[in-house]
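*Asks:* model the structure of this input:
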Amino acid sequence: MTDQQNNQDSSENTDQNESVSGGTGVKRFGLVQKLMNPSILFSKASSNPLVNQGYVFLRKQKYDEAMENFKAAISEDKLCQDAHVGAGKALAAMGGIQNAKKSIVYFNNALKIDPSKLSIYQEIINVYERLGDKKNAAAERKKQFLAKTLKANPNDSKANNNMGVLQLQQKNVNAAIKSFKKAIRANKSFLMARSNLASAFLQKAQKSKDSGEQDLCLKQGLGLINQVLEKQSTAEANLIKAKILLQKGDAQKASEHCTIALSIDPALKEAYNTKRAIEEKLGNVGEANIAYDNYQSMKQSEQKVKKEKIMSPFD
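*Replies:* Here you go, the predicted structure:
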């Protein structure tokens, strides 16, 4: 067992013995948690007095009062990074799954203001580890590494693109769009970044409830993927165009590009899932069922390979 696992086990044991004070039902952080998170005890003074007062309450374990001050600071200045970080720390210290998830939102808001603040990634890593979310904790470590690279060279196109990919995987679409745009500004011939940006605009359109925003995002995404296809007709680029066209309601043209994608790469699993959606839209139930069966078959094969790899003693 690693030192990190020992610390986490100790933390979990302490959580079970936490007391509730003040009748608020808010869990208090014990000594072990404070030692695991020394940033609660040691924090640099802020230029905002509300933030400083918030940290005074945080050190005294008066989390509700701390949150009031941090929220007031944010109300005065939405770009006060220290206030967002303080609110995240207070919520993380309160304990509980919901507070932990809310703390991540505040930490991510702080990163939107300045993504080069490496300590914030560590705060998020700590929260994900407390939640037992290994996948997102690993993603944050990768983002922290990329942030170090970008701190040294903000115009590193590959690092910006990779940061965007991780942000997109975590459904942080707006942040991903910014990262992909930075990658393209640094390298205008970076076709992968253009494809990724097109995917991000598609995801934003799918999430948006505003029809005007949806249309704009789809138009931007289509323009980007057309630029890519002019240079290189890959299976992935054709699939992205098929998805955008399907979202725009043009199932017939979407079918054409999905067919091209599968002709280039018959093993492109997601293309079968898209083909199923397209055929359903066109009313071709038989074709939709065949595409779905192909998708499920490939998915099961992937899972089998992953399982065999995990069980292999030679990796």
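*Asks:* packing partners for the helix or strand hosting residue 175?
*Replies:* In this structure, residue 175 sits in helix 173-186 according to DSSP states H and E. Using 3 or more Cβ pairs under 8 Å, 6 or more residues apart in numbering; DSSP states H and E, the elements in contact with helix 173-186 are helix 97-113, helix 157-169, helix 191-207. Yep, even glycine has a C-beta here, placed from its N, CA and C like the rest.
*Asks:* can you mark which positions in the host helix or strand of residue 293 are buried?
*Replies:* Residue 293 is part of helix 285-311, with elements assigned from DSSP H and E. For helix 285-311, the buried set under the neighbour-count rule, 16 or more other Cβ atoms under 10 Å, comprises 287-288, 291-292, 294-295, 298.
*Asks:* circling back: how distant is the helix holding residue 175 from the center of its chain?
*Replies:* Distance of helix 173-186 from its chain centroid, counting by Cα atoms, centre = their mean, to the nearest Å, is 14 Å.
*Asks:* by how many degrees do that helix and helix 191-207 diverge?
*Replies:* With axes from the mean of the first three to the mean of the last three Cα atoms, to 10 degrees defining the directions, helix 173-186 sits at 150 degrees from helix 191-207.
*Asks:* and for helix 173-186, what's in contact with it?
*Replies:* With Cβ atoms under 8 Å, 6 or more residues apart in numbering as the test, helix 173-186 has contacts from 108, 111-112, 115, 154-158, 160-161, 163-165, 167-168, 190, 193-194, 196-197, 200-201, 203-204, 207.
*Asks:* residue 178: how many residues sit nearby?
*Replies:* Close neighbours of residue 178, defined as other Cβ atoms under 10 Å, add up to 18.
*Asks:* repeat for the one 4 residues further on
*Replies:* The local packing count at residue 182 equals 22, with neighbours defined by other Cβ under 10 Å.
*Asks:* same thing with residue 210?
*Replies:* Neighbours of residue 210 (other Cβ under 10 Å): 10.
*Asks:* and it, how far from residue 118?
*Replies:* To residue 118, residue 210 is 35 Å away according to Cβ to Cβ, to the nearest Å.
*Asks:* and residue 148, by the same measure?
*Replies:* Using Cβ to Cβ, one gets 6 Å for the distance from residue 148 to residue 118.
*Asks:* which ones are touching residue 270?
*Replies:* Taking Cβ under 8 Å, 6+ apart, one finds residue 239 in contact with residue 270.
*Asks:* distance from the chain centre to the helix or strand harbouring it, please.
*Replies:* Using DSSP H and E, residue 270 falls within helix 269-282. Centroid separation for helix 269-282 versus its chain: 26 Å, with Cα atoms, centre = their mean.
*Asks:* and for stretch 146-155?
*Replies:* Between the mean C-alpha point of stretch 146-155 and the mean C-alpha point of its chain there is a distance of 18 Å (Cα atoms, centre = their mean).
*Asks:* kindly report the same for stretch 48-66.
*Replies:* In this view, stretch 48-66 has its centroid 29 Å away from the chain centroid, taken as Cα atoms, centre = their mean.
*Asks:* average model confidence for it?
*Replies:* Per-residue confidence for stretch 48-66 averages out to 95 on the pLDDT scale.
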